[in-house]
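>>> One predicted model, sequence on top.
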Amino acid sequence: MYTDFAYAYDRLMSDVPYEAWARYYAGLLDVYNVKPGARCIECACGTGSLTIPLALLGYRMTGMDLSEQMLNLAQQKARERGVSIPFIRMDMRRLCVQRPVDAILATCDGVNYLLDDTDLRSFLRRAYDSLKPGGVLAFDVSTPYKLSSALGDRIFTASEDQLVYVWQGELQAEKRVLDIHLDIFAEEASGMYRRIQEDQRQRAYERDELFSSLNAAGFSNVQIFGDRTMTDPEPDCLRWHIIAQKRSITDP
């Protein structure tokens, strides 16, 4: 995943309000007393579009992703913004740190790409082990409603800024899995168009699955909020934000 796709990823995601997302996550972390200056890891960081704004807000960020191409773009963007961020190639299911951190994030659907319970539990256990006592895990997921009703069995097309794409979604309802196929045509300096094909798969997780998996990993104080809110999600909410805390040494 994301080998050739990294070439066009940021252009496809140009309408995502990453600066606002960063401010929202900063507020979410603040509720759990994780302040600027805290050491944080963003798993599945992609091209660093959220890692970098969080670093500019004062968090000591490290970005991790499976795609070397994505990480190369992230490093270049960080240099251009004047921030120093380590970007490391690592599978979030095998997360391993030299010393525990204050917070771990997995944003922009990273958890949706964990396709079975084993992968989800592996990530959550590794995240728990990688946090300081009292540290927090914060992530977001596209909701079951979004994958089934908003994206399932749909075709979207768009043309913008020398980029044309066709997005196709095919829902496997019984598995709560959405197969995504992208055909992207990106104009190069020569005036020729480069075709990039990308296949992805996302899984929808129900709220009770997330709660039970987080509790099984050892987390407490689990909360789920609606899309960039501090309130309970509405039934037709497209995104949930989840935050949970590692038990502190003083907890019973």
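It's in.

>>> and residue 157, how many neighbours?
10 (other CB atoms under 10 Å). C-betas here are computed from N, CA, C, even on glycine.

>>> Got phi/psi on it?
With angles defined as degrees, to the nearest 10, residue 157 sits at phi -130, psi 150.

>>> Report the contact partners of it.
164-167 (CB atoms under 8 Å, 6 or more residues apart in numbering).

>>> now residue 234
Counted by CB under 8 Å, 6+ apart, residue 234 has contacts residue 226.

>>> Make 479 the starting number, not 1.
Got it, the first residue is 479 from now on, which makes the last one we talked about residue 712.

>>> If I look at it, what pLDDT would I see?
Note on residue 712: pLDDT of 96.

>>> now swap in residue 575 and tell me
Looking at residue 575, the pLDDT reads 96.

>>> That one reaches residue 610, doesn't it?
No - with contact defined as CB atoms under 8 Å, residue 575 does not reach residue 610; the gap is 10.4 Å.

>>> Could you list the domains of the chain?
With domains defined by automatic domain parsing, the chain comprises 484-620+682-723, 624-681.

>>> Need the winner for burial among those domains.
domain 484-620+682-723 (a mean of 18; mean count of other CB atoms under 10 Å).

>>> So which residues of the stretch 579-728 of the chain form strands?
Along the stretch 579-728 of the chain, the stretches classed as strands by DSSP state E, counting those that start in this stretch are 579-584, 609-620, 633-638, 641-650, 655-665, 671-681, 698-703, 717-723.

>>> would you put the C-alpha positions of the last one in PDB?
As requested, the backbone C-alpha atoms of strand 717-723 are provided in PDB (Å, rounded to 0.1, in the frame of the first residue of the first chain):
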ATOM      1  CA  ARG A 717     -16.100   9.700  12.600                       C
ATOM      2  CA  TRP A 718     -15.500   8.700  16.200                       C
ATOM      3  CA  HIS A 719     -12.600  10.000  18.300                       C
ATOM      4  CA  ILE A 720     -11.600   7.600  21.100                       C
ATOM      5  CA  ILE A 721      -9.300   8.400  24.000                       C
ATOM      6  CA  ALA A 722      -8.200   6.000  26.800                       C
ATOM      7  CA  GLN A 723      -5.700   6.100  29.600                       C
END
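
>>> No further queries at this time; thank you.
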